[in-house]
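**Student:** 3D, please:
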Amino acid sequence: METPKKSVRRKSSSVTIDEVAKRAGVSPMTVSRVVNGQARVREDTRERVLRAVRELDYTPNLAASSLAAAQQTRIALIYTNPSGAYLRELLVGVLRVASRTAIQLVIDYWDDLDPASERKAARALIKRADAVILPPPLCESRAAISEFVRAGLPAVAISSGRYNEDVSCVRIDDFRAGKEMAEYLIENGHTRIGFIKGRPDLSASIHRYDGFVAALGEAGIAIDPALVQPGEFTYRSGLKATEKLLTQRHPPTAIIASNDDMGAAVISVAHRRGLDVPRDLSVVGFDDSSAATTVWPALTTIHQPIASMAGTAVDVLLRAIRRNDPGTRVLADHVVPHRLVVRDSVASPPRRR
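**Tutor:** Below is the predicted model:
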């Protein structure tokens, strides 16, 4: 009787550069150039190779590929985002790439600082890092960015709503995403839609609202200023905004929150007021963070690939560091795709009683 063979699962460390090359449809030499951050590779080719590296979980042989210096490369992630769910997604993406490339990750916590304090914190960080990742809201901090640019420190802004002329960016099209979300609610029959804005100092917040306004305008729906409330991307600000929306004489039948934390707050207030979601009130969020699925019902939201965006940011920084040409700054603007994730928090508006 023939003894059945055991299935063997090959460890990711055994993936070869030839397999990565085959997956990407390029030569092994091209893979080597991309991994080493050399500039003589077309951007679309570079993206194909990096995608293959991620899909195969390829770990380069640091000695063979002359990347031993990566063990001394320190990339800083500044933590100041008020959304814990967003931060978790960001850390997953950065740690995934850090473990593959043997970089050292530096976590730096900044409180909600004024510009002068941001400059001081940036100057202190420059001494401890070779590159920096700027998540919201620091992705648009002129004070911090100016210090990093002056020091020649490579930096990448994540989730900035616009291209920055001073640092590389990894972002989504917030205008289009905001418009798609509003259009989805309109398609479901809603004409009285509330909107909770994000931080007013972030262009991503502005673009999401502008997309909402554009969708209503195309549908012939007038904007009711009473249905637009300020927010800060925090759960607490979502609670406050929702109370104002739902205590109106003619409350909205649907509410768009500019992130999932505030969307979760909307559902909480609705439940406290005896409203059924989505029968009495439809609620949608933004980001598709863990907050979207830890509430009941789970939030319909816009998926922003935060973890993969963080990984792309690290790839951009490593290329900048290995280019080793302080006289030249090559900036990248990666606009990554988003998608509408439909869950159980949206229904047609209730009939008027």
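**Student:** what about the strands in the stretch 151-300 of the chain?
**Tutor:** Along the stretch 151-300 of the chain, counting by DSSP state E, counting those that start in this stretch, strands occupy 155-158, 168-171, 193-196, 228-229, 254-257, 282-284.
**Student:** deepest of the ones you listed, which one?
**Tutor:** Neighbour counts (mean count of other Cβ atoms under 10 Å) averaged over each of the strands of the stretch 151-300 of the chain peak at strand 254-257, with a mean of 31. No exception for glycine: its C-beta is placed from N, CA and C like everyone else's.
**Student:** against which helices or strands is that strand packed?
**Tutor:** helix 174-187, strand 193-196, helix 235-246, helix 260-272, strand 282-284 (3 or more Cβ pairs under 8 Å, 6 or more residues apart in numbering; DSSP states H and E).
**Student:** what pairs with the second one, parallel or antiparallel?
**Tutor:** On the basis of DSSP bridges, the sheet neighbours of strand 193-196 come out as strand 228-229 (parallel), strand 254-257 (parallel).
**Student:** show the average pLDDT along it.
**Tutor:** Averaging pLDDT along strand 193-196 yields 98.
**Student:** picking that back up, out of the strands paired with strand 193-196, which comes closest to Ile133?
**Tutor:** Ile133 lies closest to strand 254-257 among the strands paired with strand 193-196, at 25.4 Å (Cβ to Cβ).
**Student:** off-centre distance for that closest one?
**Tutor:** Its chain's average C-alpha position is 20 Å from that of strand 254-257, according to Cα atoms, centre = their mean, to the nearest Å.
**Student:** then stretch 264-280?
**Tutor:** In terms of Cα atoms, centre = their mean, the centre of stretch 264-280 is found 27 Å from the chain centre.
**Student:** go through that stretch and flag the buried ones.
**Tutor:** By neighbour count on 16 or more other Cβ atoms under 10 Å, the buried set for stretch 264-280 is 264-270, 275, 277-278.
**Student:** stretch 294-314 too?
**Tutor:** Within stretch 294-314, the residues that count as buried by 16+ other Cβ under 10 Å are 295, 297, 299-314.
**Student:** before we move on, back to that, for the helices and strands packed on strand 254-257, which one sits closest to Gly211?
**Tutor:** Per Cβ to Cβ, nearest to Gly211 of these: helix 174-187, 2.8 Å.
**Student:** what's next to the helix or strand where Gly311 lies, contact-wise?
**Tutor:** Using DSSP states H and E, Gly311 sits within helix 306-323. Identification of contacts with helix 306-323 by Cβ atoms under 8 Å, 6 or more residues apart in numbering yields 36-39, 50, 54, 70, 73, 75, 86, 89-94, 96-98, 101, 103, 130-133, 154-156, 158-159, 168, 170-171, 287, 289, 330, 332, 334, 336.
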